[in-house]
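>>> any chance you can model this:
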Amino acid sequence: MARRRQIYEGKAKILYEGPEPGTIIQYFKDDATAFNAQKKGTITGKGVLNNRISEHIFTLLGQIGVPTHFIRRLNMREQLVRQVEIVPIEVIVRNVAAGSLSKKLGIEEGTQLPRTLIEYCYKDDALGDPMISEEHIACFGWATQEEMHDIADMAIRINDFMCGLFAAIGIRLVDFKLEFGRLWDGDYSRVILADEISPDGCRLWDMATGEKLDKDRFRRDLGGEVEAYQEVARRLGLLPEGADTTVLDLDTHRKKRSKD
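Sure thing, here's the model as predicted:
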């Protein structure tokens with residue numbers, strides 16, 4: 001099948017026009033970036049794993065009534081999603097102090113927060129995604145008061161669900177980021193969950209050992225990024241126990257099969 005027209009390429013995904021109006025194909029890359037793309041690299045098979053993990057979580061969220069852009073997974077690296085107008089706000093949900101919060105406020109990493117904290121950042125790579133308040137959002141019209149109410153409600157609901165989901169498989173959900181988009185129907189729009197949920201945008205720590213199972217392994221040069229992502233997928237029941245047999249890189253798989 002001929003490759004469809006490319007609409008946008010980001011740090012971790014490429015968007016192509018979908019087969020029907022109002023749909024988009026979301027392609028997951030192996031590219032890894034950190035510190036607003038100041039650090040770049042590749043995690044082989046990351047796109048395949050993130051596609052599966054995000055599909056799984058979005059499907060479960062849909063089942064509990066959280067509206068999302070996800071329609072279905074098409075293949076190892078692509079999924080079909082609804083076309084939305086992205087709200088230019090990154091929503092960060094924090095349960096445990098880590099990363100920039102620890103650095104900025106001097107709170108020891110790993111400290112359980114007294115309550116779930118929701119932060120907002122303005123989506124602009126050139127500006128470094130600065131943190132903003134709800135006053136900024138209202139002042140510059142990035143989202144309406146009703147949309148922000150819906151976004152905060154969904155963020156808390158998603159957090160409650162995901163904390164339980166990951167705790168059941170021995171993983172502590174430290175923090176994660178969400179993006180939302182407007183789904184238009186004529187002159188009316190509603191806000192739904194968009195983008196992805198994967199170890200790229202979540203901090204996931206093993207409950208027993210504290211081992212990091214997310215992109216911090218890349219950010220902090222800890223190594224073992226592929227194994228960490230595989231471990232998350234395996235615990236979620238998305239990989240067989242013998243992960244070495246799982247196809248993560250199609251080119252390598254094809255070469256191996258041609259030799260056999």
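>>> tell me how many other residues crowd K177.
18 (other Cβ atoms under 10 Å). C-betas here are computed from N, CA, C, even on glycine.
>>> give me the beta-bridge partners of it?
I92 (DSSP bridges).
>>> residues in contact with it?
Counting by Cβ atoms under 8 Å, 6 or more residues apart in numbering, K177 makes contact with E90, V91, I92, V93, G201, C202.
>>> checking the nearest residue to K212 once chain neighbours are set aside next. Helix, strand or coil?
Among residues not flanking K212 along the chain, W205 sits closest, at 5.9 Å (Cβ to Cβ, 6 or more residues apart in numbering). The three-state label given to W205 by DSSP: H, G, I helix; E, B strand; the rest coil is strand.
>>> again, but for A228
helix.
>>> grab the nearest non-local neighbour of it.
Closest residue to A228 apart from its sequence neighbours, by Cβ to Cβ, 6+ apart: L213 at 4.4 Å.
>>> what is the least confident helix or strand in this structure?
helix 250-259 (a mean of 50; mean pLDDT, DSSP states H and E).
>>> tell me which stretches of the stretch 1-150 of the chain form strands.
6-9, 13-17, 23-28, 31-34, 39-42, 70-73, 78-82, 85-86, 89-96, 112-122, 131-132 (DSSP state E, counting those that start in this stretch).
>>> can I get those in CSV with mean pLDDT?
Shown next, in CSV, are those (pLDDT from 0 to 100):
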stretch, mean pLDDT
strand 6-9, 94
strand 13-17, 96
strand 23-28, 97
strand 31-34, 86
strand 39-42, 88
strand 70-73, 98
strand 78-82, 98
strand 85-86, 97
strand 89-96, 98
strand 112-122, 98
strand 131-132, 98
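>>> wait, which of these is closest to N50?
strand 23-28 (5.0 Å; Cβ to Cβ).
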